[in-house]
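Participant: For reference, the sequence and a predicted model appear below.
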Protein chains: 2
Amino acid sequence: MQALKERILSDGENLGRGILKVDSFINHQVDPTLMLEAGRELAARFAEAGATKVLTAEISGIAPALTTALALDIPLLYARKTKPVTMTEPVYVEAAPSHTKGVSVFLMCSPEFLGAGDRILIIDDFLASGQTIAALVRMVRHAGAELVGIGALVEKAFEGGRSDLEPLGVPLHALVVIEGMDDGQIRFAR
Amino acid sequence: MQALKERILSDGENLGRGILKVDSFINHQVDPTLMLEAGRELAARFAEAGATKVLTAEISGIAPALTTALALDIPLLYARKTKPVTMTEPVYVEAAPSHTKGVSVFLMCSPEFLGAGDRILIIDDFLASGQTIAALVRMVRHAGAELVGIGALVEKAFEGGRSDLEPLGVPLHALVVIEGMDDGQIRFAR
C-alpha cells in the first residue's frame, strides 16, 4: 500500500534496535483516513476468506481491525488485556510474551463471542515476532473457531514472525513489508 | 441516537450496581457500522466546535473516537495507559481513578501531539463518574491546548459526572442518556 509506505518514510522514525516509531499516525496519534484506506485494502486482500469476524488484541490493533471489519461488514472482537468488571463469566486466556515490554500480557476473550462456526480473520498493526498473533491463533483454536487469515499493516520481516505463522496454511498479508532497519534506514521489501 | 438506544435495550445487560454490560457491540465485540453511525452523529453535534483533534483514553474510547475523528476529518489521539517503547521523550501524565477497577491508571500523552494551538474534542464510550474525562481535561490544560467539547456514546446520568464537567463551559453531549438502572431496568432520559 503506497500511501502507508510513503507515510512511514515521511513520518516514521527508526529508533534503532528494530524499533519503528509510528505514533504520529498509527498507535498514539491515528490518521483516521489512512486507517480507513488501510482497512479497505486489508478487506480486499481477504475478500475470498469468508471471514465472519475480525479478531485483534488491544490496544494498537483496534484501529486497523475496526476499519477492516467495517469494510467487510462483520463484527470486530478485541481481546482484552485487563479484565473489565463486565467480564464475569469464564473466559479464554492466552499469554503473549511481549519482547518490547519485557513481560507477558494476558489476552482474554469471552466465549460468548468466539466459538464454533466463527471464521476468524486476525488483524494487527504489526507483524513482528508474531507472538501476539500466535496467542490469538491459539485462542481461536481453543474456542473451536476457524482461522481463515492473518493480516497486518506493517510486517517487520527481519523479526521472523511470518515463518512461525506460515505453517498454519492460511493467507497472510501485510500492507507494507520492511526487510531491514540497519544503519538508521527503513528498507522496504517491495 | 435511536439505533444505539435500541441496541442497548436488545443486547445490553444490567449487571446491577450501575454496571451496564455492552461488550457485545461496544467494548469487547464491536459493531463497526453502529460505531461509524455513532461517530457521524457525534461529529454532527460538535460540527461548530472547530476541533482540530479528537482525544480519548485507551481502550474502549478508541472505536467511537476514531469514527468521530474520521467524520470530522481530523486526527485522533489516544492517551496511553502503558508506556510503549517508542515513548522515549518526556510525556504528560495524569492519574485517573477507576472506580470500576478499584485502582488509578495513568494516562500518558506525548507533547508532540498535544499543545498550544490544538482545539481538543474529548470523546469516550461512557460518561459515568467523569473521572477519566476529567483527567484528559487536566492534560489538555497542562499542554496549553484548548478544550472545545466533550462527547460520549452513553451517559450514566446517575453517576453525576456531568455536574463536574459542566463548569468547564464547553458543549457536552452524549448520544444516549441513562437516568437509572434500578430494579434491573435500563431507564433512558429521553
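Facilitator: That came through, no problem.

Participant: tell me the mean pLDDT for the lengthiest helix in chain A?
Facilitator: Ranked by number of residues, the top helix in chain A under DSSP state H is helix A:32-45. Helix A:32-45 shows a mean pLDDT of 98.

Participant: Which strands or helices does it pack on?
Facilitator: When contacts are defined as 3 or more Cβ pairs under 8 Å, 6 or more residues apart in numbering or on different chains; DSSP states H and E, helix A:32-45 packs onto helix A:2-11, helix A:62-72, strand A:146-156, strand A:172-180, helix B:62-72. Quick note: C-beta positions are derived from backbone N, CA and C, even for glycine.

Participant: The fourth one: partners in the sheet, and parallel or antiparallel?
Facilitator: What it means is strand A:172-180. Strand A:172-180 sits in its sheet next to strand A:146-156 (parallel), strand A:187-188 (antiparallel), going by DSSP bridges.

Participant: distance between the shortest one and the chain's centre?
Facilitator: Here the centre of strand A:187-188 is set off from its chain's centre by 20 Å, with Cα atoms, centre = their mean, to the nearest Å.

Participant: what's the answer for stretch A:89-102, then?
Facilitator: Chain-centre distance of stretch A:89-102: 14 Å, with Cα atoms, centre = their mean.

Participant: and the gap between A:Gln29 and chain B?
Facilitator: 5 Å (Cβ to the nearest Cβ, to the nearest Å).

Participant: what distance separates the start and the end of stretch A:23-41?
Facilitator: 21 Å (Cα to Cα, to the nearest Å).

Participant: and A:Leu72, how many residues sit next to it?
Facilitator: 24 (other Cβ atoms under 10 Å in any protein chain shown).

Participant: For A:Leu76, list each beta-bridge partner.
Facilitator: A:Val54, B:Val30.

Participant: What residues of stretch A:137-149 count as buried?
Facilitator: For stretch A:137-149, a neighbour-count test (16 or more other Cβ atoms under 10 Å in any protein chain shown) marks A:137, A:139-140, A:143, A:145-149 as buried.

Participant: Who are the contact partners of the closest residue to A:His173 other than its chain neighbours?
Facilitator: Distances taken as Cβ to Cβ, 6 or more residues apart in numbering or on different chains place A:Arg45 nearest to A:His173, at 4.5 Å, with adjacent residues excluded. Applying Cβ atoms under 8 Å, 6 or more residues apart in numbering or on different chains, we find A:Arg45 in contact with A:151, A:171, A:173.

Participant: ok so, going back, switch the strands paired with strand A:172-180 over to JSON lines; also include mean pLDDT.
Facilitator: JSON lines is the format used below for the strands paired with strand A:172-180 (pLDDT from 0 to 100):
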{"stretch": "strand A:146-156", "mean pLDDT": "98"}
{"stretch": "strand A:187-188", "mean pLDDT": "96"}
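
Participant: Output the ones you listed as TSV; include the columns distance to B:Thr56.
Facilitator: Listed next are these as TSV, based on distance: least, Cβ to Cβ, whole Å:
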stretch	distance to B:Thr56
strand A:146-156	20
strand A:187-188	31
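
Participant: Relative to B:Glu155, which of those is closest?
Facilitator: strand A:146-156 (33.6 Å; Cβ to Cβ).

Participant: Please put the alpha-carbon coordinates of the closest one into PDB.
Facilitator: Taking C-alpha atoms only, strand A:146-156 is exported to PDB below (Å, rounded to 0.1, in the frame of the first residue of the first chain):
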ATOM      1  CA  GLU A 146     -11.800 -21.500  12.300                       C
ATOM      2  CA  LEU A 147      -8.800 -19.300  11.400                       C
ATOM      3  CA  VAL A 148      -9.200 -18.000   7.800                       C
ATOM      4  CA  GLY A 149      -6.500 -15.300   7.500                       C
ATOM      5  CA  ILE A 150      -3.900 -13.100   9.200                       C
ATOM      6  CA  GLY A 151      -3.300  -9.500   8.200                       C
ATOM      7  CA  ALA A 152      -1.200  -6.600   9.400                       C
ATOM      8  CA  LEU A 153      -0.500  -3.100   8.400                       C
ATOM      9  CA  VAL A 154       3.300  -3.400   8.700                       C
ATOM     10  CA  GLU A 155       5.500  -6.500   8.700                       C
ATOM     11  CA  LYS A 156       9.000  -6.400  10.100                       C
END
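
Participant: next structured bit after that strand?
Facilitator: helix A:161-165 (DSSP states H and E).

Participant: buried sites along that next one?
Facilitator: A:161-162, A:165.

Participant: got it, and stretch A:57-76?
Facilitator: Buried residues in stretch A:57-76 (16+ other Cβ under 10 Å): A:57-72, A:74-76.

Participant: and what of stretch A:1-19?
Facilitator: By neighbour count on 16+ other Cβ under 10 Å, the buried set for stretch A:1-19 is A:1, A:4-5, A:7-8, A:12-14, A:18-19.

Participant: The residue nearest the centre of chain A: helix or strand, and which one exactly?
Facilitator: Central residue of chain A (Cα atoms, centre = their mean): A:Asp124, 1.0 Å from the mean position. In this structure, A:Asp124 sits in strand A:119-127 according to DSSP H and E.

Participant: which stretches of chain A have low pLDDT?
Facilitator: Residue ranges of chain A with pLDDT under 70: A:99-101, A:190.

Participant: Give me the phi and psi angles of A:Asn27.
Facilitator: Torsion angles at A:Asn27 (phi, psi; degrees, to the nearest 10) stand at phi -130, psi 30.

Participant: quick one: contacts for the residue lying closest to it once chain neighbours are set aside?
Facilitator: Once flanking residues are discounted, A:Asn27 sits nearest to A:Ser60: 3.8 Å by Cβ to Cβ, 6+ apart. Residues in contact with A:Ser60 (Cβ under 8 Å, 6+ apart) are A:26-27, A:124-126.

Participant: what do you get for A:Ser10?
Facilitator: By Cβ under 8 Å, 6+ apart, the contact list for A:Ser10 is empty.
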